[in-house]
Structures are given as C-alpha cells and as structure tokens.
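**Q** predicted model, plus sequence, below.
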Amino acid sequence: MPKITLLGAGSGFTQGLFTDILNIEGLDEGVIGLVDIDAGRLAINTRLMERVVTLMGKKNWRIESSTDRRKILRGTDYLISTIEVSGVQCVQADNNIPLSYGIDQAVGDTIGPGGIMKALRTLPSFIEILEDAKRFCPGAMIMNYTNPMSIITLGAVRVTDQPFAGLCHSVQSNSRVLAAILGVSYEEFEWKCGGINHMAWFTVLKHRGRDLHARLRACFELPGVMAAYPVRAALVRSLGYFATESCRHFSEYVPYFRKSRDLLKKYGLEGSTGAYSKSWPAGRLEVNRRRREMAAGKRKIPLQRGYEYASDIIEAHCLGRPKIIYASVPNTGLIPNLPAGGVVETATLVDRRGYQPTYFGPLPEQCAALCRSNMAVFELCVQGILNRDREAIVHAMMLDPLSAAACSLDEIRAMAGKLFEAEQAFIPAWCREPKRVIARGPLPPLEPKTPFAMSLLASKIMPPADIKNLAYPADKKALALKPRAFKGVSFCQRHKELKKAGAALVYFAAHLHCRAAMRLAMLLGHDGAVKAWIDSREAYCNPVAAYPARTDKGRVPFDASKGIHEILIAFDSDWGSAEGIFLRFERLDAPRAKALRWDMLPEVRP
C-alpha cells in the first residue's frame with residue numbers, strides 16, 4: 001500500500017495530481033499525505049481530497065494531513081513538492097525593481113532576476129526538506145513541480161542521493177500544440193525532444209515515417225499561425241526548431257524579444273510586461289475560492305485523468321508498468337553538447353528500478369548554445385546558495401541573457417542590491433549584506449594546494465576489471481601510458497572514448513617532485529569507481545560510481561620523502577557513463593614552503 005505525500009498541499013496542484021493517481025487502474029488502496037504550512041489552505045484541500053476520494057469510490061484510501069511535515073514524511077514512498085516560499089509577497093519586487101532598470105519580465109519565476117530571487121527564497125528551504133526526507137523516508141522517490149525548475153533540480157541532485165526528477169507539463173502539452181499546428185493526429189505523431197526545462201527543442205518530427213520539418217516551416221509562414229505564435233515563428237524561421245514554452249515565457253530566456261518597446265510590439269508581447277506579478281495575487285485567491293466551492297459540493301470536480309507525469313511515475317514504479325516521461329535530470333552525457341553535471345530535460349524511462357534517463361544525443365548547436373547560456377545562470381545560482389556566496393548570485397544575474405541585454409554590469413549589481421534589501425525577510429542572512437573585507441597585518445599565505453592536474457599520463461582503453469581486487473600492474477609498459485592534455489581547468493575527461501568502449505578500464509599517472517620531505521594529502525574526485533596507488537602501494541579505493549564527480553571527494557594523507565613519487569589511478573568507465581577524475585595535492589605541514597611541482601605542470605609555489 002503506497003504512501004504518497006504532497007508538500008505544498010495548499011496549492012492548485014493537489015486535486016489534479018491526486019485525481020490522476022486515484023485513476024490508476026489496480027491501485028486500489030494507499031495513503032495520501034498532505035502538508036502545508038498554511039493551516040487554512042491545508043484544511044480546504046484536505047476537505048476537497050476527502051470529497052474526491054468519496055466521489056471516486058476509493059474507500060481503501062486514507063488521508064493524513066499536518067502543518068508539520070515530519071509527522072507525515074515517515075513511511076512515504078513517493079514525495080511530491082509543489083511548495084512556494086513567501087507566497088505572493090515578493091512578486092511585485094521580483095518584477096518592479098528589475099523593470100526600473102529596463103529588464104522587462106513577463107513571468108519572472110524561472111529565469112531572470114525574478115527567477116533567481118525565487119530560487120534564493122526556495123532552494124534553502126527545499127534543502128531542509130531533503131534532509132528530513134533522508135531521515136524519515138530515505139527510500140522515497142522524489143518529484144518536484146516547484147519553479148524555478150532547473151535551479152531547484154540542480155541544487156537538489158547536488159545534495160541528495162534519493163531518486164529525483166523535476167517535472168513540468170511543457171513537453172506533453174506543447175507536443176499536442178505542435179501536432180495541431182502541423183495538422184496531424186497526435187497518436188500518429190512521432191517526435192523527439194530535449195534541452196532544458198522551458199527550452200527543450202523538438203528535433204524529430206515525423207508522421208507515418210515522413211519528416212515534417214519542411215511542413216513546420218511552411219506552417220509558420222501562414223498569417224494565422226504567425227499571429228498566434230509570433231516568437232515561436234521567429235525561432236522556427238531563424239533557428240529551425242520549435243521549443244517547449246509559450247511565446248510570452250520563452251521571450252524571457254533569450255535577449256532578442258524584450259529589450260525595447262518596438263520589439264515587444266513586433267512580437268505581440270506588449271501586454272505581457274509584469275503579467276505574473278499583476279495576475280498571480282488575484283489568481284491565488286481565485287484558486288482558493290474554487291477549491292472551497294469544490295470541497296463544499298458547490299462546484300463540479302473534474303475526475304478524469306490528466307497529463308501530469310506524477311501518476312505515470314507511481315504507476316510505472318509501483319505496479320511495474322513502464323512509462324516514458326520527460327523530466328529534468330542530471331546530464332550524465334545524455335546531451336553531450338550541454339554541460340556535464342548540469343540538469344537537462346529529456347525522455348526518461350520509469351519502471352520498477354526507478355528513473356532511467358535516456359540518451360538524447362547532441363542538440364543542434366544553435367539550440368545548445370541558447371541552453372548553455374541559461375545553464376550558466378543555473379550553475380552560478382546553485383553554487384551561490386550551496387556555498388553561501390552572495391557574489392555568485394550577483395554573477396548569475398549578470399549572466400542572465402535578458403538582464404545582460406538591457407543593463408551594464410554596474411546596473412545589474414545595483415539592481416541586485418535593491419532586490420536583496422526588498423526581500424531580506426525571505427532570503428538567507430548571508431545574502432542580505434555584502435561581506436566586509438578588512439585587511440589587518442600581512443596578507444595570509446596562499447592556499448597550500450596545487451592546481452588541478454590538466455596534463456597527465458593516460459593509458460589506452462583496457463578491458464574491464466574488478467576495482468576492489470585490482471592489483472598494481474606488474475607490467476606498466478602494457479598500459480601504453482602517454483602524455484595527454486585535457487580540456488578545461490580541472491577535469492581529466494575521457495568520456496568520448498569510454499562511451500564507445502562500454503565496460504572498460506583506464507589508467508591515469510603522474511609524477512610528483514618533492515624538493516624536501518613533507519606531509520601531503522592526495523585530493524581525488526571521480527565519477528567512476530577508482531583505485532589509486534602511491535609509489536606502487538594501494539592508497540585509496542572507492543568501488544562506487546558517483547555522478548557528478550565532486551572535487552576532493554577522496555583525501556589521502558601520506559608522508560613524501562625528497563624526490564619523485566609516482567601516482568597511478570585505475571578508473572572504471574561504469575559501462576561508459578563515467579567520465580574522469582579531478583586530481584591535486586595539499587601540503588599539510590608547511591603551507592609556505594616552495595617545494596611542490598608536477599613534472600607536466602608549471603611549477604607550483606603554494
């Protein structure tokens with residue numbers, strides 16, 4: 001008997017999500033857990049769900065509700081989040097302060113200054129929820145519907161190891177919109193979609209085996225279609241592909257449509273300025289009113305199953321009926337030309353094993369570039385929140401495409417300061433004021449760590465082996481170690497070759513020159529299983545793959561004599577899913593000593 005808990009149960013999602021779940025054939029009993037910090041809204045939706053259960057004849061379903069999530073989380077199998085931190089109290093500031101700097105937002109809750117501020121209000125609270133989930137329901141599958149979807153999902157997968165998916169309705173709803181524009185039956189419409197939430201691209205369009213891209217371009221030359229979808233028409237004409245978001249909302253993700261009144265008029269966006277901030281406070285009251293009327297039997301309750309993915313996930317996992325959904329998930333090579341370790345939206349198989357994201361392949365480069373511009377904002381925002389770094393939040397706003405199209409760097413910094421001040425009651429204390437830097441006495445020594453290795457000896461691709469029982473190689477010539485330079489500043493990545501090889505093993509090697517005896521620590525990060533030897537002696541072994549790779553995950557102190565020391569690392573490809581390692585060293589005994597260098601890196605003076 002599954003227990004399904006909804007956090008933010010006072011929202012407009014509650015009735016629709018649970019009506020879908022109660023429509024699952026064969027799922028005849030269970031527990032509905034409802035949690036909301038607003039006792040009044042929680043009471044309304046609890047009464048509403050009691051009425052839905054009665055109308056649908058689901059007498060073996062039980063309802064639990066509380067404003068204390070810990071009372072409900074225990075025993076939860078499926079945890080759904082629709083929380084909204086601060087309610088409607090910040091929507092005016094989210095919109096009006098950026099607008100005073102010329103940044104014109106329509107919705108402003110997933111990207112732009114408004115989306116970043118919403119993340120700053122929401123993700124810290126959500127991390128606390130995830131900590132409680134690990135304690136009270138560690139086996140639960142987690143689903144998130146809260147915006148900003150990409151930022152919340154990216155932050156979540158960095159702090160939890162529970163199965164997690166970010167869910168939206170843009171792919172399934174817009175695939176139906178696209179079928180209607182093309183004039184084909186949805187049941188016979190073959191399509192493929194990938195990218196990021198609200199900016200995923202339909203790259204395959206077919207009907208009965210016939211490619212429809214020429215038809216798509218022709219449709220978007222029709223006056224009626226152009227008038228109905230002016231922004232999407234521009235995307236199809238200029239970039240060649242249809243994206244998964246409304247014209248109004250998509251216009252916030254790129255710098256092309258909202259930076260002048262003339263452009264707003266040209267693309268039919270004149271009335272969209274501040275639309276969310278104007279409509280949502282009254283809309284929230286209207287949602288409450290409809291829920292009260294349905295709970296009291298004064299309004300009809302729709303009881304048919306809809307298109308949200310939560311019920312599909314539960315049906316697939318609980319009853320063993322595999323389903324394909326579209327979800328925001330970590331990019332473990334699923335879309336190779338988007339950043340590894342970021343979050344992407346792609347087809348995901350769900351079965352009894354849980355979430356199984358599927359490989360999409362490269363996006364058309366023009367589409368990938370637009371996604372990357374937004375993923376940089378997501379990354380900085382998450383780094384700022386996890387590291388309590390106000391400056392990273394400011395940098396996220398500076399890289400936001402819409403903000404950058406309208407403002408200078410100084411203007412964006414000033415705007416950020418005003419937003420932090422206006423919303424200080426709802427954001428973390430560390431972000432309310434900039435850190436004051438006071439220099440007293442001499443400057444501190446540099447951090448006693450070498451740079452990350454960018455050039456190492458790398459072996460040929462080897463047959464797979466059991467890392468736990470792997471011995472130091474007796475014949476290192478057989479490894480065919482050769483110098484290799486890796487792209488970037490820190491990650492020694494061999495994903496392309498490893499993916500082709502499937503199950504495989506690869507070795508990395510380096511030589512560390514010590515001009516004197518010293519106490520060191522090897523700092524190793526990895527996403528595949530590894531074993532490391534220092535001077536042929538086993539020093540570290542972790543047989544578990546972990547995505548994404550985290551810097552300095554393994555820390556191995558050791559005493560190094562004067563001279564050259566060999567570091568050898570065996571790395572398991574995890575059937576092509578793993579990518580590589582981070583490697584550097586830390587001086588533990590005398591941070592200011594000038595005694596470390598790589599033989600394949602510039603001299604290091606920690």
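**A** Sure, I can see it.
**Q** would you map the strands across the stretch 401-550 of the chain?
**A** Ranges of strands within the stretch 401-550 of the chain are 455-458, 482-485, 492-493, 505-514, 518-526, 530-534, 537-542, based on DSSP state E, counting those that start in this stretch.
**Q** Q304 contacts L22, correct?
**A** No: contact criterion Cβ atoms under 8 Å: Q304 and L22 do not qualify, at 11.0 Å. (Glycine included, C-beta is placed from N, CA and C.)
**Q** and the strands of the stretch 401-550 of the chain as CSV, adding distance to L222, mean neighbour count and mean pLDDT?
**A** What follows is those, written out as CSV (distance: least, Cβ to Cβ, whole Å; neighbours: other Cβ atoms under 10 Å; pLDDT from 0 to 100):
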stretch, distance to L222, mean neighbour count, mean pLDDT
strand 455-458, 55, 21, 90
strand 482-485, 52, 12, 89
strand 492-493, 46, 23, 90
strand 505-514, 54, 20, 92
strand 518-526, 53, 21, 92
strand 530-534, 57, 22, 96
strand 537-542, 58, 15, 95
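**Q** and K118, which of those is closest to it?
**A** strand 518-526 (30.8 Å; Cβ to Cβ).
**Q** more crowded one of Q304 and L22?
**A** Taking Q304 and L22 together and counting by other Cβ atoms under 10 Å, L22 has the greater number of neighbours (22 against 7).
**Q** and that one, what's its pLDDT?
**A** As summarised for this prediction, L22 has a pLDDT of 98.
**Q** state the distance from it to M141.
**A** Going from L22 to M141 by Cβ to Cβ, to the nearest Å gives 18 Å.
**Q** for F491, same thing?
**A** 30 Å.
**Q** ok, now G108?
**A** Distance of G108 to M141, computed by Cβ to Cβ: 30 Å.
**Q** more crowded one of the two?
**A** Between G108 and M141, G108 has the larger neighbour count (other Cβ under 10 Å), namely 28 against 22.
**Q** for the more buried one, which residues are in contact?
**A** 91, 94-95, 98, 114-115, 252, 276-277 (Cβ atoms under 8 Å, 6 or more residues apart in numbering).
**Q** can you rerun that using 10 Å?
**A** By Cβ atoms under 10 Å, 6 or more residues apart in numbering, the residues touching G108 are 91, 94-95, 98-99, 114-118, 148, 249, 252, 274-277, 402.
**Q** repeat that for L481.
**A** Taking Cβ under 10 Å, 6+ apart, we find L481 in contact with 456-460, 507-509, 568.
**Q** what's the closest of the residues you listed to I37?
**A** Nearest to I37 among these: F508, at 49.4 Å, using Cβ to Cβ.
**Q** correct me, but the closest one touches S459?
**A** Yes: using Cβ atoms under 10 Å, F508 is in contact with S459, at 7.6 Å.
**Q** which neighbours do these two share?
**A** 481, 484, 494, 568, 570-571.
**Q** can you list those in JSON lines and add distance to M294?
**A** Below are the shared contacts of F508 and S459 laid out as JSON lines (distance: Cβ to Cβ, whole Å):
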{"residue": "L481", "distance to M294": "69"}
{"residue": "R484", "distance to M294": "64"}
{"residue": "R494", "distance to M294": "57"}
{"residue": "L568", "distance to M294": "66"}
{"residue": "A570", "distance to M294": "61"}
{"residue": "F571", "distance to M294": "57"}
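**Q** so of those, which ones are in helices?
**A** Counting by DSSP state H, no part of those is found in helices.
**Q** gap between the strand or helix carrying I325 and the chain center?
**A** Using DSSP states H and E, I325 sits in strand 323-330. Centroid separation for strand 323-330 versus its chain: 12 Å, with Cα atoms, centre = their mean, to the nearest Å.
**Q** what's the mean pLDDT across it?
**A** Mean predicted confidence for strand 323-330 is 98.
**Q** where does the stretch 251-400 of the chain dip in pLDDT?
**A** Within the stretch 251-400 of the chain, no stretch has pLDDT under 70.
**Q** scratch that, the stretch 451-600 of the chain
**A** In the stretch 451-600 of the chain, residues with pLDDT under 70: 489, 590-600.
**Q** ok so, going back, between the shared contacts of F508 and S459, which is nearest E188?
**A** R494 (42.1 Å).
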